[in-house]
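Asker: Please find the sequence and the predicted model below.
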Amino acid sequence: QRTQRVITGGLIAVCAVLIVGVGVLIVQGTRPAVATVAVPTVVATATATVPLAACAIAPTDLPATIAAPPLSSQPRVALSLGLAYIDLVVGCGPTLTSGTTFTANYTGWVQGGAKFQSSRDPGQKPIAATLGTKIIPGWRLGLVGMHVGGVRRLYIPPALAYGTKGRLPQIPANATLIFDVAALSLP
């Protein structure tokens with residue numbers, strides 16, 4: 001009976017923490033930026049009940065296309081040559097490495113300008129790409145280490161995008177590009 005009371009008490013405590021957390025989000029008028037996979041299993045010990053970790057997954061309700069990238073208060077991770085990124089959602093699937101073939105949804109904007117392309121536009125579909133071939137260097141370098149199921153925002157300087165020539169008419173010369181990339185799967 002004692003063990004049953006400890007387990008029951010632990011489950012009640014976990015539920016209370018979850019309810020309080022959701023209540024705080026509701027009071028603040030925000031909603032979670034990521035969805036989580038519910039893991040109902042718990043590990044019981046003689047003194048406590050510990051919930052197993054949940055894993056973040058890419059949200060399925062991302063807007064089809066928007067005129068400018070949504071604001072993020074997360075700090076950027078700086079890479080070489082002016083490339084930077086923010087993991088908006090850290091996935092829990094396999095990691096993208098150099099040479100990895102993957103599928104992804106993406107939206108691209110010119111910094112300070114407008115959206116120029118999205119796989120989420122009507123009639124478009126996710127792309128299949130390989131890190132290392134036929135993609136701009138900013139993607140090739142900036143997506144390494146990303147997990148499938150995640151969403152990464154890339155800030156790509158002109159030298160790692162379309163440089164001094166641009167890609168007219170949508171991307172002017174010397175444009176810094178911003179991409180939100182959602183890694184969907186590895187084949």
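Answerer: Arrived safely, thanks for sending.
Asker: need the helices for this structure, in chain order.
Answerer: With DSSP state H as the definition, the chain shows helices at residue ranges 2-28, 137-142.
Asker: hey, where'd the strands end up in the chain?
Answerer: Ranges of strands within the chain are 35-36, 42-44, 49-51, 56-57, 77-78, 84-89, 101-110, 115-118, 127-130, 151-156, 177-185, based on DSSP state E.
Asker: Let me have the ones you listed in TSV, extended by mean pLDDT and distance to Thr95.
Answerer: Any C-beta I mention is one placed from the backbone N, CA and C, and that applies to glycine too. As requested, those are arranged in TSV below (pLDDT from 0 to 100; distance: least, CB to CB, whole Å):
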stretch	mean pLDDT	distance to Thr95
strand 35-36	32	20
strand 42-44	30	26
strand 49-51	31	25
strand 56-57	53	14
strand 77-78	94	15
strand 84-89	93	12
strand 101-110	94	10
strand 115-118	92	25
strand 127-130	93	15
strand 151-156	95	12
strand 177-185	93	10
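Asker: So which of these is the most surrounded?
Answerer: Using mean count of other CB atoms under 10 Å, the stretch among the strands of the chain with the largest mean neighbour count is strand 151-156, at a mean of 24.
Asker: Show me what it is packed against.
Answerer: In terms of contact count using 3 or more CB pairs under 8 Å, 6 or more residues apart in numbering; DSSP states H and E, strand 151-156 is assigned the packing partners strand 84-89, helix 137-142, strand 177-185.
Asker: Repeat the analysis, applying 10 Å as the threshold.
Answerer: Using 3 or more CB pairs under 10 Å, 6 or more residues apart in numbering; DSSP states H and E as the contact criterion, the elements in contact with strand 151-156 are strand 77-78, strand 84-89, strand 101-110, helix 137-142, strand 177-185.
Asker: ok and that strand relative to strand 177-185, angle-wise?
Answerer: 150 degrees (axes from the mean of the first three to the mean of the last three CA atoms, to 10 degrees).
Asker: So what are the sheet partners of strand 151-156 and their directions?
Answerer: For strand 151-156, the paired strands and their directions (DSSP bridges) read strand 84-89 (antiparallel), strand 177-185 (antiparallel).
Asker: among these, which is nearest Thr133?
Answerer: Closest approach to Thr133 among these (CB to CB): strand 177-185, 16.4 Å.
Asker: and the angle from the closest one to strand 101-110?
Answerer: Taking the same axes, to 10 degrees, one finds strand 177-185 and strand 101-110 inclined to each other by 160 degrees.
Asker: Using CSV, list the CA coordinates for strand 177-185.
Answerer: These are the backbone C-alpha positions of strand 177-185, laid out as CSV (Å, rounded to 0.1, in the frame of the first residue of the first chain):
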residue,chain,number,x,y,z
LEU,A,177,18.7,35.7,-46.8
ILE,A,178,16.6,34.3,-43.9
PHE,A,179,15.2,30.7,-44.3
ASP,A,180,13.0,28.7,-41.9
VAL,A,181,13.8,25.1,-42.7
ALA,A,182,11.7,22.2,-41.2
ALA,A,183,13.6,18.9,-41.6
LEU,A,184,10.9,16.3,-42.3
SER,A,185,12.7,13.1,-43.0
